[in-house]
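Participant: Any chance you could fold what I've pasted below:
(2 chains)
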Amino acid sequence: MDWHQLWQIISTPDNVPIVAILFLIPFYTWYGLRQALANDRLIAELEADPQKAKTHHRKTQPWKPGWEKEVHVWPYLMRMEFLVALIVTVILMVWSITLNAPLEEPANPNLTMNPAKAPWYFLGLQEMLVYFDPWIAGVVMPTLIIIGLMAIPYVDANPLGNGYYTFKQRRIAILSFGFGFIVLWISMIIIGTFIRGPGWMWFWPGQTWDHNRLVFEVNRDLHEALGLPITSMWAKSIFGGLVVGLFYLGAGYAVHKLMTINEFTRRILRRMSLVQYVTIQFFFITMLSLPAKMVLRLVFRIKYVWVTPWFNV
Amino acid sequence: MPPQPNHDPITGRSMSGPILLVTILLVLSTFWALYDEFFGTRPWKAYQARFASKYSRLLQEKLGEQKKAEEDVRNSTAFQRIEQQTREAEEAVAPQVSEIDREVRDLDRRITVLRDAFQIARGEVTALIYQVEVASSERAKEKFRAQVEQVRQRLVEVELPVPDGTTENRSYIYDELESEYDRLKERKAELIAQRVRLLESANQLRAQRDTYLKDNLVGLSPLALEGILRRTKEAPIKIRQIHVKEADLVERCESCHLGTREPLLITAADMGGERVFASHPNGELLALHDPERFGCSPCHNGNGRATASVVKGHGRHKYWLWPLYHPENVEAGCQQCHVSDFVLDHAETLNRGKELFRLRGCIGCHRYEGFDNQNEVLVSVQKQLQQLADRRKDSEIEAERSIQAGDRAETNQEAQRLYQHAENLRVRASNLDAQTDQLQRRSGNLLREIKQVGPSLKEIRVKLQPGWIPVWLTDPHEWRPTTKMPRFRLQDDEVQAISAFLWQNAIQARLPRQPRGNAVRGKELFETRGCTACHSMGEGENQVGGTFAANLSRVGEKVNYDYLVRWIHNPRERTRPYCPFEKRDLTPADYAKHGLPFEFDLDHATCPNDGHQLQVQQMTVMPSLRLTWQDTRDIATYLITQRRQGANDYAAADFLEDNSLFETGKSLVRHYGCAGCHEIAGFEQEGRIGTELTLEGSKPIERLDFALLTHEAEREGWYNHKGFFEHKLADPAVYDQGKVRKPEERLRMPKPNLAPDDIDALTTFLLGSVNPTVPEQFRYNPDDRRKDIQEGWWVVTKYNCMGCHQIRIGKPSVLMTLPRYQDPDWREQLPPNLIGAGARLNPDWLAQFLANPALSESNLNRNGVRTYLQARMPTFNFSPGEIRKLVRFFQALSSQPLPYVPPKIEPLSDQERTLARQLFTHPAAPCLRCHATGDAVHDRTANAPNFLTAPERLKPDWTRRWLLDPARISPGTAMPSGLFRQEGERWVFAGPLPPTFRNYSGDHANLLVRYMLQITPAEQRLLLSRMARASSPSTVGLAANLLKSH
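Facilitator: Numbering: from 1, shown residues only, chains lettered A, B, ... in the order given. Below is the predicted model of the structure:
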């Protein structure tokens, strides 16, 4: 265990936000969920007792005699925000005093740094380059991410959950966001920071980042791994297309199962148009293809599934 | 669900506590930010405050001392006398001066008043004149002119002060005002001039007094110290920055290193042990490299802009590519600009590094721009020669064809044209011949200049004891700790293969049998002929002699006597000449084929097969001492007795004749790059096997392969260039540690036997070998005399001239340091000191002498000039280019212009000749008693050069300076000083003068110089015969007495 190496990664001024993420993301996830679950309990309580629902209440807690009927923004919200602003200012000031901008040596076009890492917020994109063609990982995927995010308001057929924390009413939305953001995006940033060393090799935490390290890994395309006697480009394209098509079918079936898992989701599904349904299916399956490819690559050493003269997947 | 509180959780809670706490934190962090802004990131402020207080205290102390010293000077009678005179002179004119002063004061008051009035009036006038100039119509101009006139005629009222303190009212028109103002100013100037005249003598006396004070006071005067003190105390705390625009340099080093350029020398001890405040340790160097022009970091490295911390300023962190040099490597900074200097003042470590790089044979494997590259040039010359030959052949063929075409041509005109073309081609071919000749000569010179670090291995069969070879290859340092040969990491089978290859690859020849000589005489000759300037004898503590060449303590164990004799007699003698064109050694058969005798030397150096220049010398720098065969055998006999064990005590090496090892050995020799230092048949044109090191210091650290030591180096803090070089030099195999590699893939660099100082020196050299970051004009590439000095050093050090001669002031020659030459009798036997040789010697003569130091074609067993010296000026067989460089070097060192035009020397009149003879043979200083004459009997006691060489050899100006004070030019010389004394403008002989001199008003030294530089053999014989007649023992004592009295 090379504690020195670990300390070096953690203590680099560059990595402060990422180390913070390690603690902040779980904390706020927990905090948000706690509130959501509390609300859910309240909703259940109020729904069970229509009389109670009619009394004044402040959303998180049922109203009690002796309490104010309403709470004003000023000063009750503002003072909270002011306090938070003060705390953030103090943190930023102390941070800027203690850690200087991490300048390095002058750039040398003849000598690139190793490992050469993107800014921390792009490490997820960089990590995707391991699993896909640059064209797919660098152009298609980011574009799909942006379009997918833009599409959310238009495909969201669930009218509940506006303006308050709730889990029960937006289970699928929260789970898919959690999957896409925390599991995929954030974990890839953490992999990119802590795991990827010189040569973009996989180093477990505490392993020394050795520039001279040699590893033996043979990555093969899927048809080679399966030992299929496919040689022609056409055959490869068709085979890969079939496999990907099968994946889309299989995953589409799974997603559909998820969307019809209970009465609530079925009701939501009924509210959707076909376009909305297809859009959701497409982005969901595409999102699932990333972890699928990661597993294929990291565990089964599969380089590409679909090999064509124009692109590889 | 948690129980609901009774109080409203939002409105029922006060936030004052948390807000107060956070506000306090915010205020605290604001103060922290302010502190950080003003002091935290500006540590130099504290340095400046500390410096001011410490330096002021030091200055106060010095001021006290200097005041006391000044007081002492002031109290001295001489000072008092001048002081008294000054005071008297001042008092004598005091009334007049005060009268003038009074009048000037009055004038000043009036002038002030007038000036104000005049300037106002003039302002108005000039403004109106401007209006006249720019007015658009003639009428307008006229109007303004009238206004001008009006203003000029207006009366100006002034209140002029009068001497008694009151004022008087006066009024002037403009012109009167101007003339009155000018008149008063003139009067004032006149009075001031008068005052200066009155005080002239007093001022002179005062200046004299101040000069006296300055001359008698050591160090800075109290006044200067007070100035510095005031400046120090009042100095604002601010960034001290040097900005050199043309180099884009911003240096803030002096923001902390405040004492660097202080006029008062500050040591760390003065400042309470704070080295940061000490003055630059080498003021002379700093004066040459003014920081205002050169900055700091071009020499020292570091980050001149950074002021936030010591680490950042010194650049000693991972991301600064030019970290401050460590003290032991500080001279690395010189190399960047002084890359062409082999010997540099103030940079002994760097000099040593360069010397080691060449001497230890690093250059054999590693190319370095500017270092000996004759081999590369030779290859390119050979290529050019080949191209010329091809072009010439093409021209001939073309010409032939052209003529044939002309013969067949249909018109006369066409035939004429073709014939003309053929003619032109032939002329061109003849031009090519001229070029070829030049290139051939060039290649001949290059062949003379190519020297190798190690001996030729072509001759080991005739030179060495076979059993010794594997012993040596296994570990040369074991056998001879001081050797240049590095230790290769060879397995036994590799040693055997290499030995066998070299043995079988060597020339087989039979040398003439040599009889033994006298070892006792040989020892004496070895120690006195000059061998010890390069070679040493004795091991460890007992080692005596130079380190330029091998230690010969055990030489008797390895060499054959016959070969040793030939080597000592002329080390350059080869068994076979080498033809670089055919790339092989020529045999007698090659000569016989062309009916030529098998004879080759510098005069017979063309190949019988193809006319190319041959290598006819061994490529050693060892010169020929022109010894007789008898002397040679004596020395060889002495050397052959130098052994610890018998030659036969080495294990028999039968494998040397094993043919099966030949190919393995050959590939090993190629693999290890043996041919970098040694001449080996078949490997003459082999390239260098190592990395080029010209820019090694600026190689990115990632390109230096620390291999498995990377992490260790990072942890231990030597993951930098310095660490890489030091570890590599101490143990070249270090980066193989822990690696699993096949033998042929392991690092090949052999281990040189380097002392820690040597490693520092080489590291310094390599650290300095960088891609220059300073602009071109900073680099030292002179094109005048100084370039001759640069080039000369490369030759001087190549042949180790400093072994025998002193060339740099303060750097004694090797011989001067040897025990034998500490004896006063032997000190006279030291070869001449060459400081100032350029002023002494006629360059044409020097060139001749360097080519043939015997100055004779027939009598070679002698020194050409100093026949009395036992040490022998050897024949180096310099190339003409090297001779030119040496001559220019010595001329340039003494600031002599080239070409040298000898001044015309006035012929002597008969009377002058008689007088000169009298001086020359004066019993108080009979020149010929010490100076050689060519007469064998006389010369046995002579210890100075023959005058007959003087006319060609010496420059008259130097000769005169020498006569007047030889001890000043060459301390410890046997030539007596004080022969002449100054009498007015001229120098006269110091001894009793014969009566004939009474009417001679000329300069005696000049007379003697003219006589000496026109002396003829006949004249010298005449003097000798006279001297022989007059000679008696008493004259010697008389001379000594006479000279003592002066």
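Participant: residues in contact with the closest residue to chain B within the stretch 101-250 of chain A?
Facilitator: The stretch 101-250 of chain A approaches chain B most closely through residue A:105 (4.2 Å), counting by Cβ to the nearest Cβ. Bear in mind the C-beta positions are built from the backbone N, C-alpha and C, glycine included. Taking Cβ atoms under 8 Å, 6 or more residues apart in numbering or on different chains, we find residue A:105 in contact with B:318, B:319, B:320, B:321.
Participant: Show me which pair in those is furthest apart.
Facilitator: Across these, the longest distance by Cβ to Cβ is 9.9 Å; it joins B:318 and B:321.
Participant: neighbour count winner among the two?
Facilitator: A direct count of neighbours by other Cβ atoms under 10 Å in any protein chain shown for residue B:318 and residue B:321 places residue B:321 higher, at 17 against 12.
Participant: pLDDT wise, what is that one at?
Facilitator: Listed pLDDT for residue B:321 reads 90.
Participant: Okay, strands next: where are they in chain A?
Facilitator: A:57-58, A:61-62 (DSSP state E).
Participant: tell me, which of the ones you listed is the model least confident about?
Facilitator: The lowest average pLDDT among the strands of chain A, as it happens, falls on strand A:57-58, at a mean of 60.
Participant: and the stretch 201-313 of chain A, which of its residues are near chain B?
Facilitator: A:208, A:210, A:211, A:212 (Cβ under 8 Å from any Cβ of the partner chain).
Participant: which stretches of the chain have low pLDDT?
Facilitator: Looking at chain A here, since you left the chain open. By pLDDT under 70, the weakly predicted segments of chain A are A:54-63.
Participant: right idea, wrong chain: chain B
Facilitator: B:1-4, B:647, B:1029-1046.
Participant: Quick check, central residue of the chain?
Facilitator: All of this is about chain A. In chain A, the centroid-proximal residue (Cα atoms, centre = their mean) is residue A:181; its distance is 1.9 Å.
Participant: I was after chain B.
Facilitator: residue B:344 (3.2 Å).
Participant: and the nearest residue to residue B:1010 once chain neighbours are set aside, how many residues sit next to it?
Facilitator: In this structure, residue B:1010 finds its nearest non-sequential neighbour in residue B:905, 5.5 Å apart by Cβ to Cβ, 6 or more residues apart in numbering or on different chains. Using other Cβ under 10 Å, residue B:905 is surrounded by 15 other residues.
Participant: from what I can see residue B:905 touches residue B:956, true?
Facilitator: Yes - with contact defined as Cβ atoms under 8 Å, residue B:905 reaches residue B:956; the gap is 6.4 Å.
Participant: Quickly list what's touching both of the two.
Facilitator: B:1010, B:1013.
Participant: And residue A:68, its phi and psi?
Facilitator: Phi and psi for residue A:68, reported as degrees, to the nearest 10, are phi -70, psi 150.
Participant: And for it, the neighbour number?
Facilitator: 14.
Participant: that older thread, the residue nearest to the centre of chain A and residue A:161: what is the separation?
Facilitator: Separation of residue A:181 from residue A:161 (Cβ to Cβ, to the nearest Å): 17 Å.
Participant: Which among the residues of the stretch 201-313 of chain A next to chain B count as buried?
Facilitator: Listed as buried from those are residue A:210; burial here means 16 or more other Cβ atoms under 10 Å in any protein chain shown.
Participant: Using CSV, please lay out the residues of the stretch 201-313 of chain A next to chain B together with distance to residue A:147.
Facilitator: Listed next are these as CSV, based on distance: Cβ to Cβ, whole Å:
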residue, distance to residue A:147
A:208, 42
A:210, 41
A:211, 40
A:212, 43
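Participant: Just give me the closest of the residues of the stretch 201-313 of chain A next to chain B to residue B:588.
Facilitator: Out of those, the member with the shortest distance to residue B:588 (by Cβ to Cβ) is residue A:212, at 57.4 Å.
Participant: so how far is residue B:11 from the closest one?
Facilitator: 66 Å.
Participant: what comes up buried for stretch B:724-742?
Facilitator: Using 16+ other Cβ under 10 Å as the test for burial, stretch B:724-742 gives B:724, B:725, B:726, B:727, B:728, B:729, B:732, B:734, B:735, B:736.
Participant: Identify the residues contacting it?
Facilitator: By Cβ under 8 Å, 6+ apart, stretch B:724-742 touches B:489, B:701, B:704-709, B:713, B:718, B:746-747, B:749-752, B:754, B:759, B:762-763, B:766-767.
Participant: what does stretch B:369-381 give?
Facilitator: Residues contacting stretch B:369-381 (Cβ under 8 Å, 6+ apart): B:339-340, B:357-358, B:363, B:367, B:439, B:442-443, B:446-447, B:449-451, B:580, B:685, B:692, B:694, B:794, B:798.
Participant: what do you get for stretch A:131-150?
Facilitator: A:125, A:128-129, A:283, A:286-287, A:290, A:293-294, A:297, A:311-313.
Participant: Pull out the buried positions in it.
Facilitator: A:131, A:132, A:136, A:137, A:141, A:144, A:145, A:148.
Participant: Over to stretch B:830-845?
Facilitator: B:830-843, B:845.
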